[in-house]
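K.L.:
Let's see this in three dimensions:
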Amino acid sequence: MQRVNALSKSLNNKKDLNSSNNIMSKSLLKFYADYREYVSLKYSSKYLNSIKTVFNHVFKYFGEDKFLNEIECLEWDKFFLHLNKISPGGAPVYLRTLKAALNKALEWNLIDDNKVSKIRLPKRQQVEQRSLKVNEMTQILEEVHNPQIRALIQTAFFTGLRRSELVNLKVKHVDLATGFLKVGDNDLITKSRKVREVALCSQVTQILKNIILNKKPEDLLFGKSVRFPFSADYVTRVFKKAAKRKRLDDRIHFHSLRHSYISHLANSEVPLPAVQMLAGHSSITTTMRYVHVNRDELMKSVSILDKIK
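P.N.:
Just a heads-up that it's a prediction; the model follows:
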């Protein structure tokens with residue numbers, strides 16, 4: 001009888017412990033709500049949307065009520081293999097986003113280990129980035145009738161600013177007297193959260209001079225009005241539709257404007273540290289990706305093999 005009572009007590013204690021663990025832990029839905037609130041106070045709405053997207057996938061796969069600390073490494077691994085199958089382009093982004101979320105869960109003592117940090121996705125074949133030529137940009141501009149969007153596209157080509165930076169750019173950020181554009185403050189948050197200065201060439205200086213005319217320092221440089229900005233997605237759609245109407249290469253996207261700017265500088269005689277600063281890259285390794293060795297240089301390099309005897 002004592003044995004039965006001891007066994008019963010042991011089982012009850014185990015049950016109580018599991019119940020206690022569940023109380024201390026959080027369901028996926030509850031963690032998402034807390035994490036979303038935290039992120040909304042610290043990061044951009046764009047990042048908030050990326051978190052919403054990945055957690056929608058998580059809820060669909062695991063359910064909203066599953067406890068966060070109950071998901072094992074194998075389950076996460078299968079989840080990301082599933083994501084990689086249905087969305088190969090988005091899976092790496094989802095992995096980074098969820099890894100950051102679970103790092104915060106680890107800080108909050110909701111999990112003992114960030115199992116997502118151990119996930120490795122299969123490598124994907126890299127696709128060559130497409131630079132935009134001046135005549136191609138001219139063709140695109142022919143199909144864009146809004147003068148604000150036209151000026152925004154030209155500014156992107158001649159400054160390499162990111163889409164999110166361009167739609168939030170204000171008159172106060174431009175100093176035509178010194179020929180510099182300042183990127184990074186409370187109104188213009190950069191990807192790296194750092195401040196940088198971009199030197200303006202003569203072409204973009206004239207464009208901005210016309211845009212700034214009769215505007216106040218706090219007015220938006222490009223927008224529906226001086227107070228209401230274009231959405232980044234709207235700008236992208238206008239650009240892509242214009243490129244499509246001109247039957248240009250499908251690989252040309254709005255980011256091609258920035259890619260063209262950085263590539264041209266990186267493959268000219270501009271020192272790479274200067275290119276890094278102008279582009280706003282946090283690491284020069286990122287800048288190095290834009291350096292291309294042309295075919296003539298490659299042929300010259302291997303010609304030495306012809307001299308081998």
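K.L.:
Helices of the stretch 101-250 of the chain, start to end?
P.N.:
Listed in chain order, the helices of the stretch 101-250 of the chain (DSSP state H, counting those that start in this stretch) span residues 134-142, 147-159, 163-167, 202-212, 232-245.
K.L.:
can you tell me how far P92 sits from R120?
P.N.:
According to CB to CB, to the nearest Å, P92 and R120 sit 11 Å apart. Where you see a C-beta, it was placed from the backbone N, CA and C, and this is true even at glycine.
K.L.:
Settle it for me: which of those two has more neighbours?
P.N.:
Under the criterion of other CB atoms under 10 Å, the comparison of P92 against R120 puts P92 first, with 15 against 8.
K.L.:
re the thing from before, minimum distance to K60: which of the helices of the stretch 101-250 of the chain has it?
P.N.:
In terms of CB to CB, the element of the helices of the stretch 101-250 of the chain nearest to K60 is helix 232-245, at 23.4 Å.
K.L.:
Could you say which helix or strand holds the residue lying closest to H57 once chain neighbours are set aside?
P.N.:
Among residues not flanking H57 along the chain, L83 sits closest, at 6.1 Å (CB to CB, 6 or more residues apart in numbering). Using DSSP states H and E, the secondary-structure element containing L83 is helix 73-86.
K.L.:
Run through the neighbouring helices and strands of that helix.
P.N.:
Helix 73-86 makes packing contacts with helix 45-62, helix 91-107 when contacts are defined by 3 or more CB pairs under 8 Å, 6 or more residues apart in numbering; DSSP states H and E.
K.L.:
so that helix versus helix 45-62, what angle?
P.N.:
Between helix 73-86 and helix 45-62, the angle comes out at 110 degrees (axes from the mean of the first three to the mean of the last three CA atoms, to 10 degrees).
K.L.:
Dump the C-alpha coordinates for helix 73-86 into PDB.
P.N.:
Included here for helix 73-86 are C-alpha records, laid out as PDB according to Å, rounded to 0.1, in the frame of the first residue of the first chain:
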ATOM      1  CA  CYS A  73      14.700  21.000 -33.100                       C
ATOM      2  CA  LEU A  74      13.400  18.300 -35.400                       C
ATOM      3  CA  GLU A  75      10.000  20.000 -35.600                       C
ATOM      4  CA  TRP A  76      11.600  23.400 -36.400                       C
ATOM      5  CA  ASP A  77      13.800  21.700 -39.000                       C
ATOM      6  CA  LYS A  78      10.800  20.100 -40.800                       C
ATOM      7  CA  PHE A  79       9.000  23.400 -40.600                       C
ATOM      8  CA  PHE A  80      11.800  25.300 -42.400                       C
ATOM      9  CA  LEU A  81      12.100  22.500 -45.000                       C
ATOM     10  CA  HIS A  82       8.400  23.000 -45.600                       C
ATOM     11  CA  LEU A  83       8.900  26.800 -45.900                       C
ATOM     12  CA  ASN A  84      11.800  26.300 -48.200                       C
ATOM     13  CA  LYS A  85       9.700  24.200 -50.500                       C
ATOM     14  CA  ILE A  86       6.700  26.600 -50.700                       C
END
